[in-house]
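Novice: mind looking at a prediction? Sequence and model below.
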Amino acid sequence: MLKVSVISSAELVKDWELWGKTAIAVDVLRATTTIVAAFDAGCTECYPATSPDEARAMRRGLGDGALLGGERKAQPLEGFDLGNSPLEYTADRVAGRQLVITTSNGTAAIRRTGRARIGLIASLRNARATAEAAWTLQRDLVILCAGTGGRFSLEDTVGAGMIVDYLLKTARQRLALNDLATAAHDLCNLYGHRLLELLQLSAHGQYLVRLGHGADLEFCARANVSRLVPVYAAGVIRPGPVAP
Ligand code: MLT
């Protein structure tokens, strides 16, 4: 029976828990949503960095054509081309370009998926497509919520629960869920039909609204509008396809 585990914060996962598995990084507000948006807008490759300095060094390695994006405390970084609002990642900014991105929690979670057999990038916008792709791989699954500063975050857990829900529907058989996967699925049943309200309730969502990013919440709350399933391997995220 396939095992599906949800981890409340990527910082908590041990390397051995990922070996040989499919890992899915989820940072609904906003890093993984932004990365999915960037690929939907035609970005070619995305390099997740864990610090602004590392991001600058990666961009130097790629050359001036590459864009530098990201945030700290949800604010754009000095000298960067883009912040972490998915609304900035339009075709006229990112189509045909490489991107280096660093965010407070999301890009670290993505990097953790590098310990797994394959890493996938999920948001509410591509939750169903991610679940379907993960199912085709037929490996035990670990869904890594980015969380906030090592702590639980409501929106990532509901995002994970939505993936669990689609997996259960796709699998049409029993899956071995860990306790947080069961709880995330229950939370998805509670909030799945009022996702904008959920993001507005979440602590990070309220912080983003205070910063004037209310429109980001609306964008991030739109479920299953993207069929893209970005794949992280060997230090780079590409817009798919997902292959065993
Ligand atoms: C993160 O990585 O913590 C987030 O994406 C923060 C944000 O909202 O920009």
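Specialist: Cool, the structure landed.

Novice: only C-alpha atoms from now on, for both contacts and neighbour counts.
Specialist: Fine.

Novice: those residues of this structure touching the ligand, which are they?
Specialist: Within the chain, the positions lying close to the ligand (CA under 6 Å from any ligand atom) are 29-31, 71, 74, 84, 103-106.

Novice: so what does the strand or helix carrying Ala183 touch, helix or strand wise?
Specialist: Taking DSSP states H and E as the criterion, Ala183 maps to helix 179-191. Counting by 3 or more CA pairs under 8 Å, 6 or more residues apart in numbering; DSSP states H and E, the packing neighbours recorded for helix 179-191 are strand 3-7, helix 154-171.

Novice: tabulate those (TSV), appending mean neighbour count and mean pLDDT.
Specialist: Shown next, in TSV, are those (neighbours: other CA atoms under 10 Å; pLDDT from 0 to 100):
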stretch	mean neighbour count	mean pLDDT
strand 3-7	21	98
helix 154-171	25	96
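
Novice: would TSV of those with distance to Gly114 be doable?
Specialist: Listed next are those as TSV, based on distance: least, CA to CA, whole Å:
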stretch	distance to Gly114
strand 3-7	16
helix 154-171	18
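
Novice: now the element after the helix holding Ala183, going C-ward?
Specialist: As assigned by DSSP H and E, the chain's next helix or strand after helix 179-191 is helix 195-201.

Novice: other residues contacting that following helix?
Specialist: The contact list for helix 195-201 (CA atoms under 8 Å, 6 or more residues apart in numbering) reads 155, 191, 205-206, 209, 217-218, 221-222.

Novice: doesn't Ile143 fall inside a strand?
Specialist: Yes - counting by DSSP: H, G, I helix; E, B strand; the rest coil, Ile143 falls inside a strand.
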